[in-house]
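Engineer: the sequence isn't on hand, but the structure is:
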């Protein structure tokens with residue numbers, strides 16, 4: 001089993017209390033569906049960001065990356081992690097997901 005980062009992009013935030021409750025229920029259901037394969041439910045990203053280049057220069061902003069949040073899941077393969085990601089509620093809000101496999105170096 002490896003860890004996979006689900007990097008969320010785009011999507012919209014719920015605007016009413018009813019929409020928020022519906023979205024939170026969808027996240028709760030998906031997290032329960034993942035069970036022990038959910039390593040870190042993650043969080044959404046705020047608009048506060050800084051970018052650092054190879055020469056050490058720092059600038060305000062996300063450097064053009066439209067990431068809006070993340071979760072980390074365990075899976076036996078990239079295909080399995082991708083299948084798990086298809087149930088993520090971020091897709092219901094018009095967002096997208098990129099699935100990255102991680103590996104241990106230490």
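Structural biologist: Thanks, I have the structure now. The structure displayed is predicted, hence computed values, not measured ones. Residues are numbered from 1 along each chain as shown.

Engineer: C-alpha only now, for contacts and for neighbours.
Structural biologist: OK.

Engineer: tell me the secondary structure for residue 21?
Structural biologist: Here residue 21 is helix, with the state taken from DSSP: H, G, I helix; E, B strand; the rest coil.

Engineer: report pLDDT for it.
Structural biologist: We note a pLDDT of 95 for residue 21 in this prediction.

Engineer: tally of neighbours for it?
Structural biologist: Residues lying near residue 21 (other C-alpha atoms under 10 Å) number 12.

Engineer: ok, it to residue 94 distance?
Structural biologist: Applying C-alpha to C-alpha, to the nearest Å, the value for residue 21 to residue 94 is 17 Å.

Engineer: which element is the residue most central in space within the chain on?
Structural biologist: The residue lying closest to the centre of the chain (C-alpha atoms, centre = their mean) is residue 70, at 2.3 Å. Assigned by DSSP states H and E, residue 70 belongs to strand 67-75.

Engineer: partner strands of that strand, with direction?
Structural biologist: Here strand 67-75 has these sheet partners by DSSP bridges: strand 2-10 (antiparallel), strand 38-44 (antiparallel).
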